[in-house]
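Student: I need the structure of the sequence given here:
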Amino acid sequence: MDIDKTIEPLLKRLRISANLNTEDERAIGRLPITIKRVRGGEPIISCGDRPSACFLVVEGFVLRSKIVADGRRQILAFHQPGDIPDLQSLFLHVMDHDVSALGDAVLAVIPHSPLQELIGKRPNIAEALWRDTLTDAAIFREWICNVGQRSASNRLAHLCRAKGPLFSIEVLAQIAKSGGLRFRSEWPAVLASGRAARGGCQCWRFLTRTRLRYAQPH
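Tutor: Below you'll find the predicted structure:
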């Protein structure tokens with residue numbers, strides 16, 4: 001995969017809120033990157049790991065989650081192309097949660113050492129990545145409100161609005177056709193992930209989607 005195409009999702013994300021100059025972007029493009037392809041449901045990082053690299057999502061979607069005492073999984077966040085879900089591993093050396101692929105995904109693995117060196121030399125990049133982690137924290141605060149206090153219909157609406165077509169049940173088939181998800185094999189996993197993210201059962205999902213559908217103006 002071409003290095004420019006690999007880095008472009010990250011640059012596109014950072015350009016939204018940061019003032020990176022041409023040299024900053026070239027420096028990011030010179031990072032030593034290894035492409036890794038993962039299958040849907042495959043673990044990327046596990047709780048307790050001590051990673052020596054972080055990864056950029058290039059294609060597909062990944063999720064962060066924790067397993068609670070009774071073995072159930074709580075999804076903490078979903079990530080899309082341009083995200084570096086484990087950027088905190090640069091400074092928090094032991095992972096306290098799991099990261100896995102929602103569907104088939106392409107990742108760009110970036111070793112910690114050159115990335116830390118880049119941050120030390122180029123303050124614009126350091127500021128951009130710091131701002132990105134603050135944005136991630138703001139999204140996480142919304143997530144806490146979503147699973148803790150919002151009504152069922154508001155939870156689903158918020159999730160669809162925040163992550164776009166991936167979580168709009170009506171267009172999941174479209175994603176499948178485009179290659180983002182293999183419909184027959186991954187549909188149950190996607191629904192299970194949605195339940196773990198929102199809370200609720202099959203009946204809850206059906207009733208909530210119906211309520212939202214009939215709440216729309218005709």
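Student: Run through the neighbouring helices and strands of the lengthiest helix in the chain.
Tutor: Identified as the longest helix of the chain according to DSSP state H is helix 123-148. Helix 123-148 is packed against helix 3-17, helix 22-29, strand 73-79, helix 112-121, helix 152-163, helix 183-198, with contacts defined by 3 or more C-beta pairs under 8 Å, 6 or more residues apart in numbering; DSSP states H and E. From N, CA and C alone the C-beta is placed, and that goes for glycine too.
Student: these two touch, right, Ile110 and Ile35?
Tutor: No - using C-beta atoms under 8 Å, Ile110 makes no contact with Ile35, being 11.1 Å away.
Student: Which one of those two is surrounded by more residues?
Tutor: Ile110 (23 against 12; other C-beta atoms under 10 Å).
Student: In three-state terms, how would that one be classified?
Tutor: In three-state terms, and counting by DSSP: H, G, I helix; E, B strand; the rest coil, Ile110 is strand.
Student: so where is this protein shaky, pLDDT-wise?
Tutor: For the chain, the stretches with pLDDT under 70 are 1-4, 146-218.
Student: Got the domain ranges for the protein?
Tutor: 3-142, 151-215 (automatic domain parsing).
Student: Wait, Pro32 touches Pro111, no?
Tutor: Yes - counting by C-beta under 8 Å, Pro32 does reach Pro111; the two are 6.2 Å apart.
Student: So which of those two has more stuff around it?
Tutor: Pro111 (16 against 11).
Student: for that one, what are its contacts?
Tutor: For Pro111, the contact set (C-beta atoms under 8 Å, 6 or more residues apart in numbering) comprises Pro32, Ser52, Ala53.
Student: Just the residues you listed: which are in strands?
Tutor: Ala53 (DSSP state E).
Student: Turn the contacts of Pro111 into JSON lines, including distance to Pro81.
Tutor: Output for the contacts of Pro111, formatted as JSON lines (distance: C-beta to C-beta, whole Å):
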{"residue": "Pro32", "distance to Pro81": "20"}
{"residue": "Ser52", "distance to Pro81": "23"}
{"residue": "Ala53", "distance to Pro81": "18"}
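Student: Return the member of the contacts of Pro111 nearest to His93.
Tutor: Nearest to His93 out of the contacts of Pro111 is Ser52 (C-beta to C-beta; 9.4 Å).
Student: Skipping its backbone neighbours, what lies nearest the closest one in space?
Tutor: His112 (5.7 Å; C-beta to C-beta, 6 or more residues apart in numbering).
Student: Tell me if I'm right that the one you found and Ala53 touch.
Tutor: Yes - at 5.9 Å, His112 counts as touching Ala53 under the criterion of C-beta under 8 Å.
Student: which one of these two has more residues nearby?
Tutor: Neighbours were counted for His112 and for Ala53 using other C-beta under 10 Å; Ala53 has more, 20 against 15.
Student: Chain neighbours aside, what residue packs nearest to Asn21?
Tutor: That would be Asn124: by C-beta to C-beta, 6+ apart, it lies 6.8 Å from Asn21.
Student: For the one you found, grab the count of nearby residues.
Tutor: Neighbours around Asn124, by other C-beta under 10 Å: 16.
Student: That one: what's it in contact with?
Tutor: Ala18, Asn19, Leu20, Asn21, Asp24.
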